[in-house]
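> just need the structure, nothing else, for what follows:
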Amino acid sequence: MLNFLKEHWQSIGIIILYGITFLVAIKALLETRSTGKTLAYLLLLFFLPGIGVLVYLLIGVNRRVNRIYSRKWMSNVRLSERLQDYLRRENRQTLLEHSDLVTNKTGIARLLFRDSLSPLTPDNETVLLLNGEEKFPMMLDALKAAQHHIHLEYYIFEETGIGREVMDVLKMKAGQGVEVRFIYDDFGSNDINRRFLREMRKAGVEVFPFYRVKLLANRLNYRNHRKIVVIDGHTGFIGGINVADRYINDPAYRKKHKEKWPYWRDTHLCIKGQGVHTLQFLFMGDWNFCADSDLPITHEFFPDIPVSGKDLVQIAASGPDSERSSIMLSYLAAINQAQRSVYITTPYFIPNEAIYNALQQAALSGVDVRLLVPGISDSKLVNLGASSFYEDLLVCGVKIYRYQKGFVHAKTMVVDDNLSVVGTANMDIRSFDFNFEVNAFVYSREMNWKLSEAFLQDCLYAQQLDLEEWRDRGRWTRICEAVVRLFSPLS
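Numbers count the residues shown, from 1 in each chain. This next block holds a predicted model:
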């Protein structure tokens, strides 16, 4: 027997490897919901059996099925049960009273409420903030005015420059008795050091990482990509801008802080009004998970807010703990319900089949569909994969612009003349399936006009793709795009 094993150990090893690969393939078939993602895993498993098994075990295990976020999910359920009846009444009343503004988009509002209990809220004031030079001064002023609590949640938080300014304000407010809670993503904010965290905690700031990253664990693949700030339950910030110097384009600031990133085009939103309550709800669910606590629903966290504006705001959120991808479904509904125009800005464009088909269908139906993507990107691989989608979209009439002034990182959508979307979710599979994301849907003709103008201004700094020229981009380029696209569901 021993001699047999010695003589045939290579064959036995191959049989064992393919046996393991077969078992992992069965697991992928049973647990992966997306057909495209399943096929990508199967290709990887059988063409590179050893590496494929390792990749699947690291990033492919379906944690939505396994409920690795069960504590967070249960805390959200408890919060939901307490608010459910109240939110249902508010949502119904808002739709009735503001049907003239929502018009043909009522399906989106109903979808978000029924899927994630997110109500359509009236009487909000929304302010569009372009780039860090507009966001950070307003946010710092709002933080300094806090009286009861400050809640922050960021994917990337760098402790130098603007990060230091923000944390100095948080320390000051904590010293004044304001409750300060801060969540950072352990993957995105991996540069935060222990000394910095000790300094914050010593000053009275409660700080926790969201789902601490561990080596060789597929939690690397699930990231809290949200950027949420809630101040005293009535003022909130949401959008694509993290806390880092690269988001500030002021030449003097960049020179002072030796910032070498290209011009960074991004979009954020300040909300004052009842829409902030949904952001508060999301933060509390995330906090209860990562801090293993149970923040109470009190009047201080959900205060009565006087009428401060006329905009309707509804928050869309989803993540690995969601039963469905509310973000993707809301994007899909917005595209399908567009009657005149759809303007989309996204730094990473790797759509799933439903979004891809919806964009083609809308353009073929006569809707003015425009897509603004990076010409200069922080990920050449993602840009290559995105390029593989452009030709079919151009054939259908979608206008595609590649931004040239710097890197466009904004995640926005403008639909017709009444709906604007600003948030953290890219138009890609990672945002739809893997990341915790949050978007604000704003029903406001004034906000729609401002965001449309910003989009059209950005297009002035972009190169519009021509179909015939794009078709001549070269065979090897097409092959590289096709290969990257094949594995894009795993991105």
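
> who's in contact with the one residue sitting closest to the centre of the chain?
With distances taken as C-alpha atoms, centre = their mean, the residue of the chain nearest its centroid is Ala425 (2.7 Å). Ala425 is in contact with His225, Ile327, Tyr331, Lys411, Ser431, Phe432, Asn435, Glu437, Val438, Asn439, counting by C-beta atoms under 8 Å, 6 or more residues apart in numbering. (Each C-beta comes from the backbone N, C-alpha and C, glycine too.)

> surely the fourth one touches Phe349?
This points to Lys411. No. Using C-beta atoms under 8 Å, Lys411 makes no contact with Phe349, being 10.8 Å away.

> can you tell me the closest non-neighbouring residue to Gln463?
Arg402 (5.0 Å; C-beta to C-beta, 6 or more residues apart in numbering).

> repeat for Asn426
Spatial nearest neighbour of Asn426, chain neighbours left out: Tyr348 (4.2 Å); criterion: C-beta to C-beta, 6+ apart.

> go on, Lys173?
The shortest distance from Lys173 to any non-neighbouring residue, by C-beta to C-beta, 6+ apart, is to Ala146 (5.4 Å).

> among the contacts of Ala425, which two are most distant?
Farthest pair in the contacts of Ala425 (C-beta to C-beta) is His225 and Tyr331. Separation: 15.2 Å.

> show me what counts as buried in stretch 461-475.
Tyr461, Ala462, Leu465 (16 or more other C-beta atoms under 10 Å).

> apart from its neighbours in sequence, what residue is nearest the second one?
Right, the one you point to is Ala462. What sits nearest to Ala462 in space, not counting adjacent residues and going by C-beta to C-beta, 6+ apart, is Tyr401, at 3.7 Å.

> assign that neighbour to helix, strand or coil.
Of the three states, Tyr401 takes strand under DSSP: H, G, I helix; E, B strand; the rest coil.

> what is in contact with Lys411 and Phe349 at once?
Contact criterion C-beta under 8 Å, 6+ apart; residues bridging Lys411 and Phe349 by contacting each: Asn426, Met427.

> still on that earlier bit, could you check how far the residue nearest to Asn426 is from Arg430?
Noted for Tyr348: a distance of 7 Å to Arg430, by C-beta to C-beta, to the nearest Å.

> what of Phe187?
Distance from Phe187 to Arg430, by C-beta to C-beta: 12 Å.

> same check on Asn224?
Distance from Asn224 to Arg430, by C-beta to C-beta: 13 Å.

> of the two, who's got more company?
Asn224 (28 against 21; other C-beta atoms under 10 Å).

> dump the residue contacts of the more buried one.
By C-beta under 8 Å, 6+ apart, the contact list for Asn224 reads Glu153, Tyr155, Ile183, Asp185, Gly188, Phe210, Tyr211, Asp286, Gly319, Asn435, Phe436.

> and it, bridged to which residues?
With DSSP bridges as the criterion, Asn224 is bridged to Phe436.

> name the helices or strands packed onto the strand or helix carrying Val483?
For Val483, the enclosing helix or strand under DSSP states H and E is helix 475-486. Judged by 3 or more C-beta pairs under 8 Å, 6 or more residues apart in numbering; DSSP states H and E, helix 475-486 is in contact with helix 380-387.

> got the contact list for the helix it packs on?
With contacts defined as C-beta under 8 Å, 6+ apart, helix 380-387 is touched by 348-350, 373-374, 377, 428, 477, 480-481, 484-485, 488, 491.

> now do that helix, average pLDDT.
Average pLDDT, helix 380-387: 79.

> now whichever helix or strand comes after it: buried residues?
Per DSSP H and E, the first helix or strand lying C-terminal to helix 380-387 is helix 390-396. Neighbour-count burial for helix 390-396, with 16+ other C-beta under 10 Å as criterion, is recorded at Tyr390, Glu391, Leu393, Leu394, Cys396.

> surely the second one touches Asp472?
Pointing back at Glu391 there. No. Using C-beta under 8 Å, Glu391 is not in contact with Asp472, being 11.1 Å away.

> list the residues that contact both of those two?
When C-beta under 8 Å, 6+ apart defines a contact, no residue borders Glu391 and Asp472 alike.

> Val178 contacts Lys144, doesn't it?
No. Val178 lies out of contact with Lys144 (C-beta under 8 Å); the separation is 10.2 Å.

> those two: which is more packed in?
Val178 (19 against 12).

> need the pLDDT of the residue nearest to the more buried one when sequence neighbours are not counted.
Closest residue to Val178 apart from its sequence neighbours, by C-beta to C-beta, 6+ apart: Ala146 at 5.1 Å. Looking at Ala146, its pLDDT stands at 97.
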